[in-house]
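In: The amino acid sequence is not available; the structure is as follows:
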């Protein structure tokens, strides 16, 4: 089963997206701040990270820098889902090797799941190719 680390400080969004990702067959680890995310990266060994940039204790851009600086983590794909008011940070995140950036207002669980499946090789979490 593929593991997703979902980093979001809004408990409602974390629940909604976490439930959708679980329903799509992923194992989901949720971190509510950047320090928690950094610790969970080594424990969970996620296949992909979904990250809000505006999180407490350690900013999302710093979490990306942390991921990219560690040999065992540097190749993990990262999807940013964050607010429009932080466009400059979104550009910085892209420059750090983030694979996708979505504005929260333009993202849905279905859009996120499609992006995750694409980045993980268009496979469903069970390892079979999607229909279509």
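Out: Structure received. Note that the structure is a prediction, hence the values are computed from the model and not measured.

In: Ranking helices and strands of this structure by mean pLDDT, which lands last?
Out: Evaluated with mean pLDDT, DSSP states H and E, the helix-and-strand set of the chain has its lowest mean pLDDT in helix 87-95, which scores a mean of 61.

In: Identify each buried residue in the helix or strand that comes right after it, please.
Out: Helices and strands here follow DSSP states H and E; after helix 87-95, the next one along the chain is strand 100-103. Residues of strand 100-103 classed as buried: 100-102 (neighbour count, 16 or more other CB atoms under 10 Å). Any C-beta I mention is one placed from the backbone N, CA and C, and that applies to glycine too.

In: Can you give me the buried ones in stretch 39-51?
Out: 40-41, 44, 46-51.

In: Tell me how far it lies from the chain's centre.
Out: On the basis of CA atoms, centre = their mean, to the nearest Å, stretch 39-51 is displaced by 9 Å from the centre of the chain it belongs to.

In: Same check on stretch 112-124?
Out: Once both centres are worked out by CA atoms, centre = their mean, stretch 112-124 turns out to sit 12 Å from its chain's centre.

In: which outside residues touch it?
Out: With CB atoms under 8 Å, 6 or more residues apart in numbering as the test, stretch 112-124 has contacts from 2, 4, 17, 20-21, 24-26, 47-48, 50, 77, 79, 81, 99-100, 102, 129-130.

In: Low-confidence stretches in the protein?
Out: 84-95, 122-132 (pLDDT under 70).

In: Please report how far the residue positioned nearest the centre of it lies from residue 71.
Out: Computing the C-alpha centroid of the chain and ranking residues by CA atoms, centre = their mean puts residue 50 first, at 0.8 Å. When CB to CB, to the nearest Å is the yardstick, residue 50 and residue 71 sit 22 Å from each other.

In: All the helices of this protein, residue numbers only.
Out: In chain order, the chain shows helices spanning 11-23, 34-44, 60-69, 87-95, 109-119, with DSSP state H as the criterion.

In: Tell me which of those sits most buried.
Out: With neighbours defined by mean count of other CB atoms under 10 Å, none of the helices of the chain is more surrounded on average than helix 60-69, at a mean of 20.
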